[in-house]
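K.L.:
dropping the sequence and predicted coords here.
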Amino acid sequence: MSREGLVMRSTGSWYEVLSEKQVYQCRVRGKLKLKGTKVTNPVAVGDKVLFHLEDDQQNQGIILDILPRENYIIRKSPHKTSHGHILAANLDQAICIITIIFPKTSIGFIDRFLVAAESFRIPAMLVFNKKDLYKPQHLQQFEDLQKIYEPLGYPCQLISAKEENGMDEFRKSLQSKKTLISGHSGVGKSTILNKLYPSLQLRTSEVSTFADKGVHTTTFAEMFQLDSDSFVIDTPGIKELGLIDIEQEEVSHFFPEMRALLGECKFHNCQHLHEPGCAVIAAVDANEISVSRYYSYLSMIEDEDNRR
Ligand code: GDP
Ligand code: ZN
């Protein structure tokens, strides 16, 4: 009899699979392949799998099949560039933890995160932490960013993990979802999760990253269970979130405000740089598209490395 389970973490050849409150150590037998894509890991964190028990005593199992994925995050394999590495699958949302100060998160970082989430078709949200340290001008910056991002479909929350401010709302955002959490080192990812779920006991510090605190290598994402049906996945960073395989001419498709103008430029292959009759540039001039978002767009299409 086969069981259904959720892949929580992987160490390369072994997978921890959660099924009805039990964790099983599973291996893959034979070949499980994603149709059409070459991948270095057949099974990813977040996958729903069918498995059967090999050894009841030891809770060991064999993964027989992967259920269809709703979405997945893939990046180029560091070793075999013709292959992709699937970081995580079946995510309900991606949250970027941001701080306006200590450390300052750049707009470029936020926008690359959002473009990556769009490209993987994962709803995204921005959470600003360390409110307790913000002076009036920083609170103003938050409000300005909120005015830019919320109309685009990215909810913004302002919290202080330290003073436990706004944490109930944040907790609600995680409820019954699989959430990918990203953000610079030091923005408070571990602190936030520890406050909400003390049993997680993630190490916090000034230097190390949430991702480094996982038991296994950072090559593999790791999923933490918050309650019976809420999970968070930590990612090593935005580079790993990856903007792979986005062609230069496709980048604007992942800016919702530019996507809305698709087909309105004079030239169908318009790059929105300095072409005449460009609807995007006209929208920037009319303050309908924020200048900071447009700058992020420019830096993404000009800097090849940002897309690798
Ligand atoms: P991570 O690298 O994103 O996991 O960040 P940590 O959780 O390790 O936090 C980095 C530092 O920021 C630690 O010294 C935390 O105590 C501090 N920190 C986290 N949240 C807050 C907050 O809301 N306010 C203040 N003032 N400090 C915070
Ligand atoms: Zn254009």
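P.N.:
Received the coordinates, thanks. Bear in mind that the values here come from a model prediction, so they are computed numbers and not experimental data. Numbering: from 1, shown residues only. Ligands and ions are numbered 1, 2, ... in the order given.
K.L.:
need the helix or strand of the protein with the lowest average pLDDT.
P.N.:
Lowest on mean pLDDT, DSSP states H and E among the helices and strands of the chain sits helix 238-241, with a mean of 54.
K.L.:
with adjacent residues omitted, what lies nearest to G183?
P.N.:
I97 (3.5 Å; CB to CB, 6 or more residues apart in numbering). (Glycine included, C-beta is placed from N, CA and C.)
K.L.:
what does the one helix or strand that neighbour maps to rub up against?
P.N.:
Per DSSP states H and E: I97 is located in strand 93-98. Residues from elsewhere that reach strand 93-98 (CB atoms under 8 Å, 6 or more residues apart in numbering): 105, 110, 113-114, 116-117, 120, 122-129, 173, 177-183, 187-189, 192, 241.
K.L.:
SS state for whichever residue of the stretch 51-200 of the chain sits closest to ligand 2?
P.N.:
Relative to ligand 2, the nearest point of the stretch 51-200 of the chain is V115 (17.1 Å; CB to the ion). Secondary structure assignment for V115 (DSSP: H, G, I helix; E, B strand; the rest coil): helix.
K.L.:
what does the model give the spatially closest residue to it that is not a sequence neighbour for pLDDT?
P.N.:
Closest residue to V115 apart from its sequence neighbours, by CB to CB, 6+ apart: F254 at 4.4 Å. With respect to pLDDT, F254 scores 96.
K.L.:
before we move on, what about S208?
P.N.:
For S208, the pLDDT comes out at 42.
K.L.:
repeat for R307
P.N.:
Value listed for R307 in the pLDDT field: 46.
K.L.:
would you agree G277 is in contact with F267?
P.N.:
Yes - the criterion here is CB atoms under 8 Å, and G277 meets it with F267 at 7.1 Å.
K.L.:
where do the helices sit along the stretch 201-308 of the chain?
P.N.:
238-241, 256-259, 279-285, 291-302 (DSSP state H, counting those that start in this stretch).
K.L.:
can I get those in JSON lines including distance to ligand 1 and mean neighbour count?
P.N.:
As requested, those are exported to JSON lines (distance: least, CB to the nearest ligand atom, whole Å; neighbours: other CB atoms under 10 Å):
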{"stretch": "helix 238-241", "distance to ligand 1": "13", "mean neighbour count": "19"}
{"stretch": "helix 256-259", "distance to ligand 1": "27", "mean neighbour count": "16"}
{"stretch": "helix 279-285", "distance to ligand 1": "33", "mean neighbour count": "18"}
{"stretch": "helix 291-302", "distance to ligand 1": "22", "mean neighbour count": "17"}
